[in-house]
Each structure stands twice: as structure tokens, then as C-alpha cells.
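S.K.: Structure, please.
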Amino acid sequence: MKRFTIFAFSMLAVLFLFTPEVYAASDGEAISGLALGAGLGIGLAAAGGAIGQGKTMDAALNAIGRNPGAAGQIQTPMIIGLALIESLVIYALAITFLLQSKI
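M.R.: Take a look at the predicted model:
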């Protein structure tokens, strides 16, 4: 977890290094900011969705392992939760396509 935190903070530092150039750019150069935002947005959304789905599956499989008789009661809410997590990633993909159409 410590390595991930260091990696996340270093990526944010790199992002903030490029931020002044994106906001100070003229209209022609602002397009690169849209491309950067679209790429980072879908990447972060996919990473967040993957982490959320992994934690959901881990908790559900641990619960089923401890009480196999409750597998049916655990499986349905788990699948609904996974679908909701995936829908957020699909919304980010749709926003990325909208940003790409402005480039």
C-alpha cells in the first residue's frame, strides 16, 4: 500500500507540473489539455473500478468461504454492486468520447 501511495502522489506531482501550461495555452494548444484529460480520466476510472471490483469480490468470496450456506444471499447483491461499479467506468468512457469529439 505504501508503494501505491508513493506512486499516486508522484503521478499527481507530474500532473500538477503540466497544469500551468495547459491553462495558459492559447486555443490551439488547449486541445492537448483535452486529450490529456481524456486519457487520464479513463485511466483513473478504470483503475478505480478495478480496485473497487477486486475489493467487492474479495469480501464476497471471504463471506461465502465462511458461510457457504449463504452463497445465494451474498451472490445477488454482489453482482448488482459489480454492475454499478462497472457503470461508473462506462460513464467515464462516455465522457472521454465526448471530450475526444471536441479535439
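S.K.: Give me the spatial nearest neighbour of the residue most central in space within the chain, chain neighbours excluded.
M.R.: What sits nearest the mean C-alpha location of the chain, by CA atoms, centre = their mean, is residue 45, with 1.8 Å. Nearest residue to residue 45, sequence neighbours excluded (CB to CB, 6 or more residues apart in numbering): residue 92, at 3.3 Å. Quick note: C-beta positions are derived from backbone N, CA and C, even for glycine.
S.K.: Phi, psi for the residue sitting furthest away from the middle of the chain please.
M.R.: Distance from the C-alpha centroid of the chain, by CA atoms, centre = their mean, peaks at residue 69 (33.5 Å). Per-residue torsions, residue 69: phi -70, psi -20 (degrees, to the nearest 10).
S.K.: how far away is it from residue 57?
M.R.: 20 Å (CB to CB, to the nearest Å).
S.K.: Likewise for residue 80?
M.R.: 13 Å.
S.K.: Have a look at these two and say which one is more surrounded.
M.R.: Using other CB atoms under 10 Å, the more surrounded residue of residue 80 and residue 57 is residue 57, with 13 against 10.
S.K.: Just to check, the more buried one is in contact with residue 78?
M.R.: Yes: under the criterion of CB atoms under 8 Å, residue 57 makes contact with residue 78 at 7.5 Å.
S.K.: Touching, the residue nearest to residue 45 and residue 40? I think so.
M.R.: No: assessed by CB under 8 Å, residue 92 is found out of contact with residue 40, at 10.6 Å.
S.K.: what helix or strand does residue 92 sit in?
M.R.: Element membership of residue 92 [criterion: DSSP states H and E] is helix 71-101.
S.K.: need the longest helix for the chain.
M.R.: helix 27-66 (DSSP state H).
S.K.: taking the mean pLDDT, what do you get for it?
M.R.: The average pLDDT within helix 27-66 is 83.
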